[in-house]
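A.B. asks: Dropping the sequence and predicted coords here.
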Amino acid sequence: MDPCSFVKVLVAGLALRIPVSSKPTRTGVHPTTSPCFCEIRLPNLPPQTVVVPLISPRSSDPDVHNISASFHLEQIELKKLSSSCFGSSKPCLEIVVYAGRQGSTCGVSLGKLLGKFRVPLDLEGAHEKPIVFHSGWVSIGKSKLDGAQLHLNVRAQPDLRYVFQFDGEIGSSPQVFQIQGNIRQPIFSCKFSSDRSSRSGLMQHDSSNKKRWLCPFGNVQDRERDKRERKGWLVMIHDLSGSPVAAASMVTPFVPSPGSDRVSRSNPGAWLILRPDHRGEDSWRPWGRLEAWRERGSGGGLGSKFELMADGGGLARMGSGLLLAESIINAQKGGKFLIDSGHGKSGTPISNSPASTPHSSGDFSFSNWPYQSYCGFVMSSTVQGERKCSKPMVQLAMRHVTCMEDAAVFVALSAAVDLSMDACQLFSRKLKKQLCRRNDRF
């Protein structure tokens, strides 16, 4: 598999030094005693607001590995940045520093402006090697002699990612293509099932209790009850040889809360994301758990929470996962499901796989990585709004994928997130035809 070249711009080592002034301020906001923050801006991208710590003149310089903000740039965004910015011939990053509280009243910022600093960015070649644009102290504000000083490190570095896209709606069992530039090639096939009886093929070689979560509900004959719950959905991911490499299994049904037709956060539906367990034929183990619900209100979005499972977790330890992502996606417009810590030391891998791991897989488990090492971008997946044709596009950080199974398990997670938009739609609305069980289609 060949990755796509992305670029990430990092702002790190933020700190502020402000001399003590004997003159009172008109606003009553004294920067040496008030919290400070800054807005970090890149053209055509949402600004990021972060706290800037105040340090004394005798303090040592901040750690440039302490990342405060990051911007991930695709090729189309790099082209947009090539236009002029703030009157400069090159795109530039702008840092605007304030003292006081964040927020605004009647459109007026509550903070007092301390100063601005702009860093020109020459991103040519940044997809091949790291580039440092600025590192150190700089004076901001009107007075360059006795004004505030800002410390920052601005750099860009390659961000290699694998890009995949479903070739159709997941309920139609599409192929999954890998994308690199203008090249699209099939890499996985996706099989969706809403009929619990079709899972028997998964279970025929093992009837032990630890497998029962693949088909946890049995055959319920009460059709009226079936219409009030969405359950039993399964997505199987196969490689090109037809071997299963990942799965997403709906293990907790999506049901409306009492007196409503909405799946509530207090009683969410849930999926298990599964990967093959190579210790036995047709054996699976839980890798992650995704919960989803519908937020309150007429425009309530899709709420979700993803936890990484303990190694060999199973049902008994289902609640012992590490929370990696929690988000709300607009139910009408859609959005992105994202796993990205956003802060921490850059370049640290999620996991360091032991040599004995099957297929050299980058397994996520409690035994081989601490939560502190989980940093930076991991994955993103597009999600369309309700009743819209959705063909999710998945991006994965290359450093976390060492084999096909590593990629497949994220593809299965993407499928579960996308289907949750349908599973969480109001029960007063009909599901898409391909998502209904056979006896519910008539």
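C.D. replies: That came through, no problem.

A.B. asks: For the rest of this, base every contact and every neighbour count on C-alpha atoms.
C.D. replies: Fine.

A.B. asks: And N330, how close does it get to K388?
C.D. replies: Counting by CA to CA, to the nearest Å, the gap between N330 and K388 amounts to 13 Å.

A.B. asks: Tell me which of those two has more neighbours.
C.D. replies: Neighbours per residue (other CA atoms under 10 Å) separate N330 from K388, with N330 holding more: 20 against 13.

A.B. asks: quick one: the more buried one and F427, what's the gap?
C.D. replies: Counting by CA to CA, the gap from N330 to F427 is 18 Å.

A.B. asks: my guess is P174 meets K191, correct?
C.D. replies: Yes - look at P174 against K191 with CA atoms under 8 Å: they come within range, at 7.3 Å.

A.B. asks: Quick check: chain neighbours aside, which residue is closest to P57?
C.D. replies: Leaving aside its chain neighbours, P57 sits nearest to R17 (6.4 Å; criterion: CA to CA, 6 or more residues apart in numbering).

A.B. asks: show me the residues around that neighbour that make contact.
C.D. replies: Residues near R17 by CA atoms under 8 Å, 6 or more residues apart in numbering: L54, I55, S56, P57, A148, Q149, L150.

A.B. asks: Select only the buried ones of these in PyMOL?
C.D. replies: Here is the PyMOL command that selects only those of these that count as buried (16 or more other CA atoms under 10 Å):
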select buried, resi 54+148+149+150
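
A.B. asks: Restricted to strands, list the contacts of R17.
C.D. replies: Q149, L150 (DSSP state E).

A.B. asks: Quick check: A415 touching M236?
C.D. replies: No - using CA under 8 Å, A415 makes no contact with M236, being 9.7 Å away.

A.B. asks: Looking at the two, which has the bigger crowd around it?
C.D. replies: The residue with more neighbours, out of A415 and M236, is A415; 29 against 21, by other CA under 10 Å.

A.B. asks: Is K116 part of a helix or strand, or is it coil?
C.D. replies: strand (DSSP: H, G, I helix; E, B strand; the rest coil).

A.B. asks: how about the nearest residue to it once chain neighbours are set aside, what does it touch?
C.D. replies: Closest residue to K116 apart from its sequence neighbours, by CA to CA, 6+ apart: V96 at 4.5 Å. For V96, the contacting residues are C38, E39, I40, L113, L114, G115, K116, F117, by CA under 8 Å, 6+ apart.

A.B. asks: ok, the fifth one to L16 distance?
C.D. replies: Distance of L114 to L16, given as CA to CA: 10 Å.

A.B. asks: what about the two, which has more around it?
C.D. replies: Each of L114 and L16 has its neighbours counted (other CA under 10 Å); L16 has more, 25 against 20.

A.B. asks: Doesn't K430 lie inside a strand?
C.D. replies: No - under three-state DSSP, K430 falls outside any strand and is assigned coil.

A.B. asks: Count the residues that sit near it.
C.D. replies: Quick note: K430 (other CA under 10 Å) scores 13 neighbours.

A.B. asks: same thing with the one 5 residues further on?
C.D. replies: L435 sits with 22 neighbouring residues when counted by other CA under 10 Å.

A.B. asks: And for D422?
C.D. replies: 20.

A.B. asks: Ok, the one 5 residues further on next?
C.D. replies: The local packing of F427 (other CA under 10 Å) involves 19 other residues.

A.B. asks: Ok, V154 next?
C.D. replies: 24.

A.B. asks: Who does it form a beta bridge with?
C.D. replies: In this entry, V154 is beta-bridged to V11, H134, by DSSP bridges.

A.B. asks: Wait, it touches L14, no?
C.D. replies: No - applying CA under 8 Å, one finds V154 not in contact with L14, separated by 9.8 Å.

A.B. asks: Going along the chain, name the helices of the stretch 301-442 of the chain.
C.D. replies: Along the stretch 301-442 of the chain, counting by DSSP state H, counting those that start in this stretch, helices occupy 404-423.

A.B. asks: Let me know the secondary structure of the closest residue to M393 other than its chain neighbours.
C.D. replies: Excluding the flanking residues, the one nearest M393 by CA to CA, 6+ apart is Q165, at 4.3 Å. What three-state DSSP gives for Q165 is strand.

A.B. asks: Show me what Q165 is bridged to.
C.D. replies: Applying DSSP bridges, one finds that Q165 bridges with F177, M393.

A.B. asks: count of residues packed around it?
C.D. replies: Burial of Q165 is recorded as 22 neighbouring residues (other CA under 10 Å).
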